[in-house]
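Asker: Pasting the sequence and the predicted model now:
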Amino acid sequence: MGKKLYVGNLSFDMKQADLEQMFAQVGSVEEVAIIMDRETNRSKGFGFVTMASDEDAKKAIAEFDGKDCNGRALKVNEARPREERGGDRGGDRRGGGRGGFGGGRR
């Protein structure tokens, strides 16, 4: 199983194929994903690259962390597991779901 890396501070113009080609210079790449904003369909400026081995991942971190790419210093490190989010999805915290101003009714 490969080692997943976080790649931050990406140029908004970076394409998955470009990122894969860059990381393939130091080892075997299994998967590449640039995270996109659902509403704008624009890159969020970060992504993930899964390298085939721990050794390839270490080489990639050494080679690309801090490297200038399109005028931006990349941030590359081992990806951490996604934190669990609570049941609250950040919506209306008042409950009830009626909307409006919440004033009294007559």
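Answerer: All right, it came through fine. Numbers count the residues shown, from 1 in each chain.
Asker: how many neighbours does residue 53 have?
Answerer: Look at residue 53: counted by other C-beta atoms under 10 Å, it has 14 neighbours. Just so you know, the C-beta spots here come from the backbone N, C-alpha and C atoms, and that holds for glycine as well.
Asker: and the residue nearest in space to the middle of the chain, what element?
Answerer: With distances taken as C-alpha atoms, centre = their mean, residue 47 lies nearest the centre of the chain, 3.5 Å away. Per DSSP states H and E, residue 47 falls inside strand 43-51.
Asker: in the helix or strand just after that strand, what counts as buried?
Answerer: Beyond strand 43-51 in the direction of the C-terminus, DSSP H and E gives the next helix or strand as helix 54-64. For helix 54-64, a neighbour-count test (16 or more other C-beta atoms under 10 Å) marks 56, 57, 58, 59, 60, 61, 63, 64 as buried.
Asker: Does the residue nearest to the centre of the chain touch residue 10 like I think?
Answerer: Yes - assessed by C-beta atoms under 8 Å, residue 47 is found in contact with residue 10 at 6.2 Å.
Asker: about what we covered before: ok now the strand holding residue 47, how far from the chain's centre?
Answerer: Its chain's C-alpha centre and that of strand 43-51 lie 5 Å apart, by C-alpha atoms, centre = their mean, to the nearest Å.
Asker: Other residues contacting it?
Answerer: 2-14, 16, 19-20, 23, 27-37, 57, 60, 79 (C-beta atoms under 8 Å, 6 or more residues apart in numbering).
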